[in-house]
Every structure is written in structure tokens, then in C-alpha cells.
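A.B. asks: Turn this into a structure:
(4 chains)
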Protein chains: 4
Amino acid sequence: MSATFGNNLKVTIFGESHSAGIGVVIDGLPAGLKIDEKKIAEAMKRRAPNRSVASTKRQEADIPEIVSGYFNGRATGTPLTALIRNTDTRSQDYERTVELLRPGHADYTGFVKYHGFNDYRGGGHFSGRLTAPIVFAGSIARQLLEQHHIHVSARIKQIADVMDPGPYSAAEMEETERKDFPVVDMDIGRKMQDKIREAHSKADSVGGVIECAISGLPAGLGDPFFDSVESTLAHIMFSIPAVKGLEFGDGFKIAGMRGSEANDTPILKNGTVSFASNHSGGIGGGITNGMPVLFRVAVRPTASIAQEQKTVNIRTMEEASLRIHGRHDACIVPRAVEAVKCAASLAAADLWLEVNHD
Amino acid sequence: MSATFGNNLKVTIFGESHSAGIGVVIDGLPAGLKIDEKKIAEAMKRRAPNRSVASTKRQEADIPEIVSGYFNGRATGTPLTALIRNTDTRSQDYERTVELLRPGHADYTGFVKYHGFNDYRGGGHFSGRLTAPIVFAGSIARQLLEQHHIHVSARIKQIADVMDPGPYSAAEMEETERKDFPVVDMDIGRKMQDKIREAHSKADSVGGVIECAISGLPAGLGDPFFDSVESTLAHIMFSIPAVKGLEFGDGFKIAGMRGSEANDTPILKNGTVSFASNHSGGIGGGITNGMPVLFRVAVRPTASIAQEQKTVNIRTMEEASLRIHGRHDACIVPRAVEAVKCAASLAAADLWLEVNHD
Amino acid sequence: MSATFGNNLKVTIFGESHSAGIGVVIDGLPAGLKIDEKKIAEAMKRRAPNRSVASTKRQEADIPEIVSGYFNGRATGTPLTALIRNTDTRSQDYERTVELLRPGHADYTGFVKYHGFNDYRGGGHFSGRLTAPIVFAGSIARQLLEQHHIHVSARIKQIADVMDPGPYSAAEMEETERKDFPVVDMDIGRKMQDKIREAHSKADSVGGVIECAISGLPAGLGDPFFDSVESTLAHIMFSIPAVKGLEFGDGFKIAGMRGSEANDTPILKNGTVSFASNHSGGIGGGITNGMPVLFRVAVRPTASIAQEQKTVNIRTMEEASLRIHGRHDACIVPRAVEAVKCAASLAAADLWLEVNHD
Amino acid sequence: MSATFGNNLKVTIFGESHSAGIGVVIDGLPAGLKIDEKKIAEAMKRRAPNRSVASTKRQEADIPEIVSGYFNGRATGTPLTALIRNTDTRSQDYERTVELLRPGHADYTGFVKYHGFNDYRGGGHFSGRLTAPIVFAGSIARQLLEQHHIHVSARIKQIADVMDPGPYSAAEMEETERKDFPVVDMDIGRKMQDKIREAHSKADSVGGVIECAISGLPAGLGDPFFDSVESTLAHIMFSIPAVKGLEFGDGFKIAGMRGSEANDTPILKNGTVSFASNHSGGIGGGITNGMPVLFRVAVRPTASIAQEQKTVNIRTMEEASLRIHGRHDACIVPRAVEAVKCAASLAAADLWLEVNHD
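C.D. replies: Sure, this is the predicted structure:
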């Protein structure tokens, strides 16, 4: 149990795929924070299905209702709550999966943890739909950061075996926000889309890697133990469904480097300390060093695929086979870019508010 | 600020490299837990310098004194505190670094965060020495887990560009515990040691990758949001100095796989649900599925190297150069294996105690 | 900032008197907990206005909608969220108070804390209406406790200067639940009601004291430091608006007693340890001792009174006078009995769940 | 379990009466905070036995060793840890109480909670000695507050049935700090001392009431739910052994007042909002209003008395009788004044640091 993330900006999410609604309570927003509802709507739309190739056909208005903590266009400083109604819930699509564990899903672990009492329809609380309240909350956190000249951006770095290697500047990464398919090099992007279509045509799915950059963070945020910048970001990143890996700066590549290569050399720049390189991803000893915080997450291929799969019937305790119908993304990565960006904004705002007050 | 890790087993660490001591308070140990002090001593020794090639020559007895919470060989259930005295502290080695930011170290971020008031000697609170209290606490957590048939093991998977690919069984990984150089394949291990010696001879350092397995965890531990098994492990792993990447199961490789390959097929085994593969690293929807929890961390090369490096003098605000003397590991990975194992034990015990009571 | 109470049962409340709604997220309910919605409705009704003399005429259906975490009549184990719409909101009653600080209210402290950005209408987040989500959540916690033979009851002990001294048994206290005016001795109750009517007729208000008993709690719950049973109960009690004092067992009276009188003598009863008296209110060293946990809270007289009062205009920074119109209770105590009972249930469930698992 | 208090200033205490030592970890002190060790020593001395009539003869140097987080006379910003060795531990005095539950003590509740594995010697973790680390930490918090013109003072208001009614100004209350017996009116103080001596002569004990004032706190600290100023102070006050009641401002007396009497009238004073009275104890809606925060705690008579008492033998499960030897205070109130003052300082610093940064 903990539906709450954060120390200084506490975010509590709730809801199931087919319950009356899903939503979020945000506690700790600075009183008086101006909130642009249009920006929230844009973020919600970027996360929503059907922006791109081979996405789920589930259509939900997904218009969050702000229930509390918001007055005259500003955060009041008391908990801001949003509710997103579940409307397009074809429960019958899922009823068949009550007994048959869907491979790659949390049907079995949810069944064990909740002793069979969880709402299994559409994945219930495990549904990717739960990233919608994260995006809602994160888009507000991102507005707070932007008002202090901190920018969070993300891009697709890899789909299947197609790479957009980079590195790219924060500005180039920010440009992706206006694209339906958030990749920097659109030529590579088209190859990625081909891979998604190809997987879809084979009743299969593909994964990928998302890169995220947070620029403008002042030096000095985070802690050596245990709330390092990496720990704080990792805590929320690994709660995004399908994320299986996370690396900062040069990440796993740094394991093969020499110290003399990996050390970022301190330099003077505009009268302050900066660094000649950013192998460490903007973090030293768990604390921001003023360089962009740079990280990548590995996203597994969508678990729901249309081909027949072997499984177990949890009620009869017999092996069985299963073909998943319904509406699913052949690749979740393009939509997950927004979830990563918004989750990163929540973590960054949490770290920033530790030191900075309204 | 948060020197405390954990929800059900709270661990608070303190101390600086050259303060009177370092230590840990452990809150939430089951009253009556039998503690074998010999096992703690063995773990402390595995973390200590000088077990292996090219390690720091700093010699400390590092014998923890248990100050509270321990009575007649058992945990009392009240906070168990251990103090490790700092004895072999050659402050003069470090005095020169007050002004010169050591590349790859937290000198700059610590200076900014603590406004210049932190204890800079030997890295202060950022010192790798702070893993000693983590090992102390983790070795107790590991004893708790072992008493419930949960085993935590770890091995060196990579040093520089030398790989010991695996996969290995939990049993094979556990064997490494008795080795001075905790690698499964000793032929590969010797090549790794050569790399370390080579780097040392060039006044340089190398990094690597550590793999860790937790076997025997019951299914049903962890949460979908936000305290997933991955989030909980990541939170503490990314507080171990030098860790820059973390991946579960197939990790970053899964990004390039098809859904039909990546899904672990549920099967029946001994009358219960199991899985035909473990691409997900024993975790589904943030919750243990009964398979071994498997993950890898990327460790950067040691920041302290003996060759001359460019840097900045933080007091005069001029560029400068620096040669670090003193005693340092050319590769921290062999010693970090114990820190990873013990940190993983703390996270696993925290998850396990959420559901299981004394 | 912390809209969240509890360690093992986390309750997050949100909303303002005149926002779209108020509500609560409950995290940590045992999966499979049967919930009787009728019992919730009864508790909500006991808290609602108009049960008794001289209460606010504000009429709200106050029917909570359960949005998540509830499936087939049971808690799913994931966050259970309820939303109560604000419907009968005559904002114009309060618009006049934007500038004039209402004596005894949080207008000034809210203005300072939230820099003038809080939703001031009807007291906003400070409104007594926020006890409705506490009652909703507490009535579920109470059902959990009842299913394990733990009973929480409360009674009016004092209104103005009229006392119902007691002591009463848990059974006698529970009887009050069926009364419109929750006092044990109805003769005394009528005198109390006279006092309320008298205050009302003079455009004034009165306060009182509520006594609460939790019986059936097993010995061994709570902590010596810092989450003692008293600390846990006090934390939530002092968040109920208008509570200004709290005492356990003999409370302030014990200050005048001798040790030989105050010590509860351990005795044997039905083969287990019990106590010959309960001066300590069922708590020793911060931990339950198996006797009923008994405490009393002092409730201040309603701040809103219809007579003219002096005050300050916070915008013009001039002294002014004010007459509060609108709908108010001449005495909040009868309705606060349910809030105390439900808040106590939340605290007791939080303590109980630390040790007992679903 | 939670040995930790605070959100912004986290204090973790540990130790048993007869373990190697007791101590505290303080996390969240502003880096650079100047600490006057002499002031700590004075506070420790005011808490120590033998200042006054009929106190325990246990003599301990109680000189805290600062182990970490302290450098060149200032807090480093990393966890500051202090260790107080237990030296004068006559365990034999207590061995007899292993089996015989001491009335009024936590012997039974500790036995149940810790399944008989707790360190029972001298009360173990329940010992009043654990207030020493609270005083250590609180005296540092108090220095932080004083540097920002916030003053915490306390006085004896009642011993047995002898009252020093007050009210007194903050200045008058602060004067008590220099007295061996911290009462404002020394004539009344002598009568109180007579009561203590009389109880002592009868092998009995007495309790009392302590009043505490925090002046200089800015308006706007604390929260409506759930971390109100009252909740925060109550949480730590009810963790001080022997505290059984707490009231703010007019407290229980306010229950008998009219609203027109109890409301504090806002006035203008030096160009800012103030109040004509302080019935609310400086708190409105859970938030400081700029007036002194005023509260009182009820302290029960010392449980350890020298006369024979009936009890139960927990091993044989037979009723028995017991005479407690050893060294005990006939009245803990004079020494508890410092514990209350320091605990209040911890709570006030925690609230203050939420809004104010180093």
C-alpha cells in the first residue's frame, strides 16, 4: 500500500479501468499557482489513444473535472482533486479474462495480492488508464516548473530495434511535443512507425526506449541518502506500467568506461561552476549539479497481443489457451512519452519544493 | 533531506567519513528476531577494503557496536542502533581538496546544497564509507529473510568490457559469497581482475555491472502505485554511490523484443501458478509473482584517480588542476556487490514485512 | 501541508465548502472487507445538520458516491474514493465576509497561510463540512473494527455548564447511537438542550465535552515513541475543527492524584492479565493494555454567532464590525459526536492494522 | 513502530535504560546552524535528576557525544547524531521486576507488544531516560527558533492540588528557566515542594500540570488537516511518558464558555492584525495566528512508589505483591518541564521549517 508519491508535493491516485472514475489528489501546490487548463487538456490529449498508428480504439473524452483546490484560475494551496469519469467501458470484452490469466499482465499478481477481491475488469487498478491522473497532476507540476524556467521534455529514442541515437539538445527534444509521434528525427520516426505497423499486422507488439531531459534545475536539489534525485525519479518511473529499466547520464554504458572518461570536468561558465560534459546526467552524489538531468527508461512491448497464448485458468487451476480481443496499442511507447514527462515533472517539482517555497 | 529508508523496516543512516563515527538506526525489526553477529561481521568484511586487487589501503576495524535494541542475542523490537567508529582518518590527505572540486565527486553539489557547511573531509556524508551502515542493517534484514527461506545473492556481471553473461541459477550466484572476487566464472573473473590492475597501473579506474537475485519471495508483495517492487528496490539502489542504471528481468533488452517473446507464460508447477520464463524479473504490475526477483545495476568507474585532472577552485573561482593522492579502489564493483546485496535485503524485508508479521 | 492521516490506513481528504465537492481517498483497506452502505448512510445522517435543536438549516443530501476501490460490496484493496457533491451552496451569504475577518474562524490564518488565494466561501477547506469525509471514512473503519469485535462509541458529557458525569459502560455509551441527542441520561440531556436553545435565543453559542470509548482493542497496539496510542488519537482529534483539549483516562484530574491512587492494579481475569481500575484510559507506555481506551475532547462554542462583533477588514486594514447571517449551529457538540467517533475509528483501525493483517 | 517524529525536522530516538546507550538522530537541521554546546548542557542539566526535592539518586554524567552532522561548531545539514552512554546502571535493582508487573508502568504492555523480548531492565525503551535525547534534540531546535526570535518557555502550573494559576507573560515564564524549581510564584512553589516531600515521606508520589508558551511564531504555520499546530504538538507531547492530557488556550474551560466570550476579537496593532484576547491559544483553524501558542499538559504521579502494591506475576500468572526499591522521583513534574519545553521546540521547529528555509 501506498497510493501516494512525494514528500513536498504529494500525489495520490485512485481508480480502476471500469470503476465510476479515476483521479488524483495533489497536496502541496503553492497557493496562487496559476494553472492553464488548456495545457492540461493538451497533455491529456498527447497521452490519449488514437494519436498514432495502431493504437487502441477505446475513445474516452477524458476531461478531468477539478473538484477542489482550485479557485479563480489558481491553486488555493489546499488539496487539488480531479476526477476523470470512466465512460467507454465495454466490460464484456474483459469478462472472459476473469479466469484466464493474461500473459504479461498483472492478473495473477493482483489476484494473489488482493485475494481475488480486486476489480479485474480491464486490468482494474493496474490499467494503463491510471497514467491519466499522473498526466493530469504532472502537467500542473510542469506548469509550476516552467514558471521557474525549468523545462521537462522527452522523446522516443528507440522502437523495437530502430534507434534515434541522439544526443539532442533540450530545445530539439522540446520540439517533439508538437509532433503526433514524438521523435526528433522524423525519418527514423517513420521507420519506427513501420515497425509498429508490422508488429500489429502480426498480432504482436513492440517496446522501446524513452529519453527525458529536465533542464533549468538549480544545483543543490536532492539528497545523498535516501532521497537522491535518482531515487526520487526512479521511484515514480518504476510505477509507470511497462517500465523495466532506467539509466541516468551514460547509464549502463558508463560501466565500460574509464574513470578518466566518465568524470565530468568542472569548468567556469558565466561566472559559475559548470561541467565540460554530462556523463553523470546532471547529478552528483544524488544532488543536481546544474546540468540537465538526463535519463532513459526501457518500456516493454504491450502485453496484450491478439495471437493465441498459453496460460492458466486461475479458478479451475488448469492450463488453458487464450486469445485477447478488445482494443490495444501495438506499441505503448508513443503515448508513454507523455506519462514519462509528467511523472518526471512530479518528481522534479517534489525536489524543487523541498528548497523553494511559494 | 531524508536519511530514512523504508515503510515497515525504517533504516536511518548517519555519519561522515571523518566524523567520530558512522552508523544506523533500524526501526521495525520483529521482536525476538535472532541475530547472528558472526554473519554481520562476515558481511562487513566482504564490503571492507583490501579483499581484492587494487583496493584502498585504508584499514579500519569497522567493528559495529550495537548500542540499543538488542538483548540476549535477539532484536527487542525497539530501534536497533549500531555505531562504527572512524579511526583511520588521515584528514591531511583531504585538506587540500577543500577548495579543489574533485571531478566525479559530490564536492560541488555538496557545497551548493549545504552552503559550504558540510564536512568535506574524505567526502563527508557522501563517502562510500556510508555503505558500511547499509551493509550492517542489510545483513540483519537478510538474516530475517533467510529465516523465512528468502535468499538474496549477487555477482559481478561485468567489469570494464569483460562480461560474465550468465544467466546463472540462484544457487550458482549464492556460491559467489564465499569468493574473494564474487564472480561465478572464475576464468572470466581473472580477466576482470586484469582489467582492474591495468586501470590501476594507468592511474585510472573501471566500472561494471552487478546482478542480484532474490529468490523465495512469496507472490503478492509490492504495490501497483507507487510502492512497486521495482520502485522500492530502485529507491535504495540509486542511493548507493556510483549506481547510474538499474534494470529488472530483461531490462533494456526487452525494449527490442516482441510482446510474444517478452510475455512470461503462466504454467502450473507443484499445484501452483508459476511461469515458463522470467523476462519480467519476477514482478508483474509492480508485485512479486513468485519467480526470483532479478535485477542489474550499473556502477560507474571510481571517481578518484591518481592522474592529473582539470577542475575549478570553488573559493577563488578559478580553473585549476588537481592530482588526487590518498587510498582508493581502482574498481569499486567487487566491494559494491555486498552493498547491493544488503540494500536489496533491506528493500525485500520492507516489502515482506508489509504483509507478514512477526 | 498534509491532507493525509495514518500509517497503515491512509486517509486523504479534500474539498471546500463551496467547491464542486468534498471527499476522501482511503488507502490500505483490507481487500475483501465487506462494507455495509446503509451503515455509512446512518453515520452521515448522524453528522448532518437538523437532527436537533438550533442547528444550521443548510440541507444537503450528502450522499457520497463511491468512485473507486469498491466492487461487489467489498473493498478491493486499492484506494477507495468517495465524492460528496456540494449542492446547497448559497455563496452570497459569505461573499460579505471576504474582507471582514469572522472572529473565532480561520479567515485570518487561512488568508496568511494561503496568501489570500484560498477559497474563502463558507470557510472553504476550514469548513466543518470537511468532517463529512472523515465520517464517511471513519464509518468504514468502524465496520472493519466491529468485524473484529472492537467497538467505538461516544456520548455528550457536557454542554455549557451541564454535565452528564458518568462513568458509563461501553454498552450504555453505545446506546446513545440511536438517540437524536447522543447523551446517556436523557433528563440531563434535556437540560443541555435548554442551554443550547437559550444561547440560540441570545444570538450566542455554547460548547461542550465529548467522551469516547474504544472497547475490545487487544493489548499491545501502539508505540512508546512516537506513535503512541495517545499520539495517534490526538493527531486526528486535534484536526477536528473546534477541538481545544484532549485527555485520556483520568486526564487532568490525575494531576491531583497520588501515585497510589492513580496506578491501575494488574489482576487476573479469565486467565489473562487485566486491571482493577482504568485511570490510565486503557493505555500504558503508549500501548493498549486491553482495557477500554477512554478519552474526552473539549469542543469550543460555535464561532459563528448572530450578534454584532468587532473585527478587522483585511483588505482596507481598518477596524470594523460584523454581524454574521447565514445558517449555523448554536452548538456543534451533538453533531461532533459522530465526527469524534469516526475519527477515533480511523485512528484505532490504523493502530490495529499495524499488527493485524487481512 | 515509529521511532521518528517530524516532517521537516525528523528526530529518531533510540536506546534502553540499561543498554549501552541512548541517543538521537536529527535530520533536517539547516546547514550552517550555529550550535552552542553550553546551552545543550544546561538543558540536559535541567532535565537531570537531583536538581530538586525528592528526586531519584541515579547519577549519570549524561554528556552527549555528537557523533555526526556537526563540524566547526555548526550543523552540517546531514544527520546530526548524539550518543549518551548509560553508565550508572544498577541492573540488579530491576531484575526482580522481570516477572512482577509494576503498577502504572509499561511492563505489561511492553511484554505483550514485544512478545517478552524487550529489554525490561529499568523500563527499557519505556524509561523516562528516553526524554534525555528529546531534550538534546529539542535544545538544538530551540536554538534554531531563538535565532529567529521565537521563544519557548514553560512553568509548573500545578503540583498535587497546589496551583500557580497565572496567566503569566512569556517573559515571566522565561524567568523560570533560571530556577531550580521552575515555577513563577516562588511562594506557591514552596507549597508545591512541601506536597512533594509529604508524598515522598508517605512512600507515595504526586503529579501536576505544566504550562508552555511559544512566542514569536509567525502567523500562517500549520495545516487545517491533518497536521494542525495542535496535532503536531499533541503528537509529540503524548509521547512524553506520564502525559495524560493536553489543552490549548482556554482548553477544557472553553467548553463552558459562550461563543461571544470565546471568540478572540481581531484588532489592529502596529499596522498588522492581532487579537484582543488569546482564548484559542494562538491557533485558528489549526494554523498559528501570531499570538503566543499556549498549552498545558497533565502529568500523572510517578508510577514507582515505595509502598507495597498488588500485582500479577506474568510468568507464573499468579497474583502477587511488590515493593519497588531503587531510585525514583516522588514527582516528575519539575524535570518534565524541560522535556515539555524541548518537545515543544521540536514541534515548533518542524512547523517553522515547513515554510522557512535556511
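A.B. asks: what sits against the closest residue to residue A:249 other than its chain neighbours?
C.D. replies: Setting aside the residues directly before and after it, residue A:249 is nearest to residue A:281 in space (Cβ to Cβ, 6 or more residues apart in numbering or on different chains), at 2.8 Å. Where C-beta positions appear, they are placed from N, C-alpha and C, glycine not excepted. Taking Cβ atoms under 8 Å, 6 or more residues apart in numbering or on different chains, we find residue A:281 in contact with A:248-251, A:291, A:293-295, B:244.
A.B. asks: Downstream of the worst-scoring helix or strand of chain A on mean pLDDT, the next helix or strand is which one?
C.D. replies: Within chain A, judged by mean pLDDT, DSSP states H and E, the helix or strand with the poorest mean is helix A:92-95; its value is a mean of 56. The element immediately downstream of helix A:92-95 (helix or strand, assigned by DSSP states H and E) is helix A:107-113.
A.B. asks: and that next one with chain C, contact?
C.D. replies: Yes - looking at helix A:107-113 against chain C by Cβ under 8 Å from any Cβ of the partner chain, the contacts come from residue A:113.
A.B. asks: So what sits opposite residue A:294 in the bridge?
C.D. replies: Using DSSP bridges, the beta-bridge partners of residue A:294 come out as residue A:213.
A.B. asks: just the helices in chain A please.
C.D. replies: Listed in chain order, the helices found in chain A under DSSP state H are A:37-47, A:92-95, A:107-113, A:131-146, A:170-175, A:186-201, A:229-237, A:259-262, A:333-355.
A.B. asks: wait, doesn't residue A:243 sit right on residue A:332?
C.D. replies: No - with contact taken as Cβ atoms under 8 Å, residue A:243 and residue A:332 are classed as non-touching, separated by 10.3 Å.
A.B. asks: Quickly list what's touching both of the two.
C.D. replies: residue A:299.
A.B. asks: Low-confidence ranges, the stretch 151-300 of chain A, go.
C.D. replies: Low-confidence segments of the stretch 151-300 of chain A, defined by pLDDT under 70, are absent.
A.B. asks: And the residue of it closest to chain C?
C.D. replies: Using Cβ to the nearest Cβ, the point where the stretch 151-300 of chain A gets nearest to chain C is residue A:239, with a distance of 13.5 Å.
A.B. asks: Leaving out sequence neighbours, find the closest residue to that residue.
C.D. replies: Spatial nearest neighbour of residue A:239, excluding adjacent residues (Cβ to Cβ, 6+ apart): residue B:226 at 4.5 Å.
A.B. asks: repeat for residue A:228
C.D. replies: With Cβ to Cβ, 6+ apart, the residue lying closest to residue A:228 is residue A:286, at 2.8 Å.
A.B. asks: Then residue A:124?
C.D. replies: residue A:16 (4.3 Å).
A.B. asks: One more: residue A:108?
C.D. replies: The spatial neighbour of residue A:108 that comes closest, neighbours along the chain excluded (Cβ to Cβ, 6+ apart), is residue A:101 at 4.9 Å.
A.B. asks: any idea how far the one you found lies from residue B:272?
C.D. replies: Shown here: residue A:101 relative to residue B:272, a distance of 12 Å by Cβ to Cβ, to the nearest Å.
A.B. asks: Compare these two and say which is more crowded by neighbours.
C.D. replies: With other Cβ atoms under 10 Å in any protein chain shown as the criterion, residue A:101 and residue B:272 differ in neighbour count, and residue A:101 comes out ahead with 25 against 11.
A.B. asks: so which of the helices of chain A comes closest to residue A:10?
C.D. replies: Evaluated over these, closeness to residue A:10 peaks at helix A:333-355, with 8.4 Å, by Cβ to Cβ.
A.B. asks: what does chain A have sitting close to chain D?
C.D. replies: With Cβ under 8 Å from any Cβ as the criterion, chain A comes near chain D at residues A:78, A:224, A:355-357.
A.B. asks: one step back: contacting residues for the residue nearest to residue A:228?
C.D. replies: Applying Cβ under 8 Å, 6+ apart, one finds that residue A:286 lies in contact with A:222-225, A:227-231, B:106, B:109, B:238-239.
A.B. asks: can you do 6 Å?
C.D. replies: With Cβ atoms under 6 Å, 6 or more residues apart in numbering or on different chains as the criterion, the residues that contact residue A:286 are A:222-224, A:228-229.
A.B. asks: Kindly report the same for residue A:291.
C.D. replies: Contact partners of residue A:291, counting by Cβ under 6 Å, 6+ apart, are A:275, A:278, A:282.
A.B. asks: which one among these gets closest to residue A:188?
C.D. replies: The nearest one, if we look at those relative to residue A:188 and count by Cβ to Cβ, is residue A:278, at 22.7 Å.
A.B. asks: and the stretch 251-358 of chain A, which residues reach chain B?
C.D. replies: For the stretch 251-358 of chain A, the residues in contact with chain B (Cβ under 6 Å from any Cβ of the partner chain) are A:251-252, A:254-260, A:262-263, A:265-266, A:268, A:273, A:284-285, A:287, A:289, A:298, A:300-303, A:305, A:310-312, A:319.
A.B. asks: out of the residues you listed, which are buried?
C.D. replies: Buried members of those, counted by 16 or more other Cβ atoms under 10 Å in any protein chain shown: A:251-252, A:254-260, A:262-263, A:265-266, A:273, A:284-285, A:287, A:289, A:298, A:300-303, A:305, A:311-312.
A.B. asks: just the strands in the stretch 251-358 of chain A please.
C.D. replies: Listed in chain order, the strands of the stretch 251-358 of chain A (DSSP state E, counting those that start in this stretch) span A:266-269, A:272-275, A:283-284, A:287-288, A:293-299, A:309-313, A:318-322.
A.B. asks: could I get the ones you listed as CSV with distance to residue D:31?
C.D. replies: Conversion of the strands of the stretch 251-358 of chain A to CSV gives the following (distance: least, Cβ to Cβ, whole Å):
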stretch, distance to residue D:31
strand A:266-269, 21
strand A:272-275, 18
strand A:283-284, 17
strand A:287-288, 12
strand A:293-299, 22
strand A:309-313, 56
strand A:318-322, 58
